[in-house]
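S.K.: Based on what follows, work out the 3D shape:
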Amino acid sequence: MAIAVFKYSPVDFLFTCVGLIFLLLDIALDVFAVVSFYLEKAYVPLGFLLLFLVGSSVLVQAFSWLWYSYDDFGRRTKVEKCLSKKVLKLLHVLQLGIYFRHAGVFEMSVCSYFTKSSDPKDMAEYLSHDLSMLRLIETFAESSPQLVLMLTVILQRGELDPVTVLKALGSASAVAFSVTMYHRSLRSFLADKKPQPLMSSVVYFLWNLFLLSSRLTALALFASVLPCFIVTHFLCSWIILLFFVWRSKTDFMESPCGEWLFRATVGLIWYFNWFNVAEGKTRYRTLLYHGYILLDMFLLCGLWYWMMSTDPPYYKIPHLYAIIIAVCVVAVYMLGLFCKMIYYQCYHPNLAKGELKGDTIDQEPISKEIEGLDVPDFPMLTAGLQGVSYDNAMPHFLNETDSMTDVTCRSAAPAPESKPYNKRMRKLAENFYS
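M.R.: Numbering: from 1, shown residues only. The predicted structure follows:
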């Protein structure tokens, strides 16, 4: 018998450390951007920035608390064990719960790096799965809208303000890092016989980079000339996308309210990028989604070009340059679709549920284990039919029973202890690889 375990490599430890650095840097840039907008009296961008910061924080803390409740508030690290349930709840209300998850993952990552035991490695991998999903939610609830906001400010001002540029670069780095970490978490559920090469992560990153950069740029172009309509555009698109998420019959959370929260979040993610949420073949759903987004981007870029060419206050660049910019934005999105096709054609393994790692033990059927064993008959049941007395058959039965007991005890070896695995991330891996 063999049990599938996860491998926490030095690369994962490096990504954990880099992720912590990016987190602290992003917080510093957020504070810096808020203060700068306030000093400049740019209250509209400041209001949107605070909305993104507070809204994403509440959303991530809600998911973190729900997952703790689904796991019966199991606290597996020293950092978490020092907190009672009430203190843990208070920290989530104060928007600090996610940082203790970061601290717990960092603790187990350090332990796994300096010990040869597999327990810290398994726990570090287990905890990093939830963290990667929370970072992905934060990316599309905070970093992506912030990047649209910063690009809009740059386009409207027509100049490269250092603070705005730094915050835009920080948001872009957070998006790229979160997408890469999410893919590494999905890869950890692949069996050893179905590895994905490093090049698959590179292609995955490029595909998402091209799709996201073009989508965010199109939104920023539209918001720079029609800022009052970007909120209407988001709400209308989100309602349409939420309807299709509901039709996908997702089953990710363990409570009805949590499931609807997840569906609303997926609708938000779909506003920026595709995200697998249902089992089975998603080819037609993906084609429908990208067709809708391409049509929407044609509309956004077309409206931007129309405003730039007809409204004198917005006519700041020549017609030819405006056409080139609009065409390039759409072309980059199509380049991302081409990279996505390369990934699915060359690197994506199509697997069934049973081929993914989890808490099940890989073992042969019992019939194969006892195949070839000489299982004795029960002479008491056949003695009357064969004309043998019960007294003569009894000693023979006891001897055979003792023999059978020995064989059974030798064959029934104790099952190995199952390793921790994240059932939520495993569902996402099933959706992605099936």
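S.K.: How about the residue nearest the centre of the chain: what's its closest non-neighbour residue?
M.R.: For the chain, the residue nearest the mean C-alpha position is Met133 (3.8 Å; C-alpha atoms, centre = their mean). Closest residue in space to Met133, ignoring its immediate chain neighbours: Met425 at 6.3 Å, by C-beta to C-beta, 6 or more residues apart in numbering. C-beta: built from backbone N, CA, C; applies to glycine.
S.K.: is it fair to say the one you found lies in a strand?
M.R.: No. Using DSSP: H, G, I helix; E, B strand; the rest coil, the assignment for Met425 is helix, not a strand.
S.K.: What score does Asp311 have for pLDDT?
M.R.: In this model, Asp311 is scored at 69, pLDDT.
S.K.: Which neighbouring elements make contact with the host helix or strand of the residue nearest to the centre of the chain?
M.R.: Using DSSP states H and E, Met133 sits in helix 118-138. Packing contacts for helix 118-138, counted by 3 or more C-beta pairs under 8 Å, 6 or more residues apart in numbering; DSSP states H and E, involve helix 10-39, helix 43-70, helix 97-114, helix 162-187, helix 256-272, helix 423-433.
S.K.: how far out from the middle of the chain is it?
M.R.: Taking C-alpha atoms, centre = their mean, to the nearest Å, one finds helix 118-138 lying 10 Å from the centre of the chain it belongs to.
S.K.: buried sites along stretch 156-173?
M.R.: 163-164, 166-168, 170-172 (16 or more other C-beta atoms under 10 Å).
S.K.: An error on my part: the question was meant for stretch 235-243.
M.R.: 237-238, 241-242.
S.K.: tell me which of these is nearest to Leu198?
M.R.: Leu241 (32.6 Å; C-beta to C-beta).
S.K.: Is it correct that the closest one is in contact with Trp270?
M.R.: Yes. Taking contacts as C-beta atoms under 8 Å, Leu241 lies within contact range of Trp270: 4.4 Å.
S.K.: Work out the gap between the strand or helix carrying Met341 and the centre of the chain.
M.R.: Using DSSP H and E, Met341 falls within helix 319-346. Relative to its chain's centre, helix 319-346 lies at 25 Å (C-alpha atoms, centre = their mean).
S.K.: How about that helix, which residues are buried there?
M.R.: Of the residues in helix 319-346, 322, 325-326, 329-330, 332-333, 335-337, 339-340, 343 count as buried by neighbour count, 16+ other C-beta under 10 Å.
S.K.: Which residue ranges make up each domain of this structure?
M.R.: Using automatic domain parsing, the domain parsing of the chain gives 1-189, 198-354.
S.K.: got JSON lines for those domains, with distance to Phe432 too?
M.R.: Below are the domains of the chain laid out as JSON lines (distance: least, C-beta to C-beta, whole Å):
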{"stretch": "domain 1-189", "distance to Phe432": "5"}
{"stretch": "domain 198-354", "distance to Phe432": "5"}
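S.K.: tell me the most buried of those domains?
M.R.: domain 1-189 (a mean of 18; mean count of other C-beta atoms under 10 Å).
S.K.: any idea of the mean pLDDT for that one?
M.R.: What domain 1-189 shows for mean pLDDT is 80.
S.K.: roughly how far apart are Tyr204 and Cys339?
M.R.: Separation of Tyr204 from Cys339 (C-beta to C-beta, to the nearest Å) stands at 9 Å.
S.K.: now swap in Ala278 and tell me
M.R.: Counting by C-beta to C-beta - Ala278 and Cys339 are separated by 23 Å.
S.K.: one step back: what's near enough to touch the residue nearest to the centre of the chain?
M.R.: Residues near Met133 by C-beta atoms under 8 Å, 6 or more residues apart in numbering: 63, 182, 185, 424-425, 428.
S.K.: picking up where we left off before, the helix holding Met133 vs helix 162-187, what angle?
M.R.: Using axes from the mean of the first three to the mean of the last three C-alpha atoms, to 10 degrees, one finds that helix 118-138 and helix 162-187 are set 130 degrees apart in direction.
S.K.: Summarise which helices and strands the helix holding Met341 is packed against.
M.R.: Counting contacts by 3+ C-beta pairs under 8 Å, 6+ apart, helix 319-346 is packed against helix 198-225, helix 283-310.
S.K.: Report the distance from the helix or strand just after the first one to the chain centre.
M.R.: Think helix 198-225. Per DSSP H and E, the first helix or strand lying C-terminal to helix 198-225 is helix 230-247. Its chain's C-alpha centre and that of helix 230-247 lie 21 Å apart, by C-alpha atoms, centre = their mean.
S.K.: Return the angle between stretch directions for helix 230-247 and helix 283-310.
M.R.: Going by the same axes, to 10 degrees, helix 230-247 makes 170 degrees with helix 283-310.
S.K.: pLDDT of helix 230-247, averaged?
M.R.: Mean pLDDT, helix 230-247: 94.
S.K.: hmm, who's touching that helix?
M.R.: By C-beta under 8 Å, 6+ apart, the list of residues contacting helix 230-247 from outside reads 219, 222-223, 263-264, 266-268, 270-271, 277, 285, 289, 296, 300.
S.K.: let's see 7 Å
M.R.: Helix 230-247 is touched from outside by 222-223, 263-264, 266-268, 270-271, 277, with contacts defined as C-beta atoms under 7 Å, 6 or more residues apart in numbering.
S.K.: where's the dip in pLDDT among those residues?
M.R.: The pLDDT minimum for those sits at Val277, where the score is 84.
S.K.: Helix, strand or coil: sort out that residue for me.
M.R.: With three-state DSSP as the criterion, Val277 reads coil.
S.K.: Which residue, other than its chain neighbours, is closest to it?
M.R.: Closest to Val277 by C-beta to C-beta, 6+ apart is Thr250, at 4.9 Å.
S.K.: contacting residues for Asp296?
M.R.: For Asp296, the contact set (C-beta under 7 Å, 6+ apart) is empty.
S.K.: Against Thr139, how distant is it?
M.R.: From Asp296 across to Thr139, the span is 20 Å (C-beta to C-beta).
S.K.: Pick the one among the contacts of helix 230-247 closest to Leu90.
M.R.: Of the contacts of helix 230-247, the one sitting nearest to Leu90 (C-beta to C-beta) turns out to be Ala264, at 25.4 Å.
S.K.: Excluding sequence neighbours, find me the nearest residue to the closest one.
M.R.: Using C-beta to C-beta, 6+ apart, the closest residue to Ala264 is Leu242 (6.3 Å).
S.K.: what does Lys427 give?
M.R.: The shortest distance from Lys427 to any non-neighbouring residue, by C-beta to C-beta, 6+ apart, is to Phe252 (6.0 Å).
S.K.: Can you classify the one you found by secondary structure?
M.R.: coil.
S.K.: Test my guess that it contacts Arg263.
M.R.: No. Phe252 is not in contact with Arg263 according to C-beta atoms under 7 Å; the separation is 8.6 Å.
S.K.: and Arg75, backbone torsions?
M.R.: phi -120, psi 110 (degrees, to the nearest 10).
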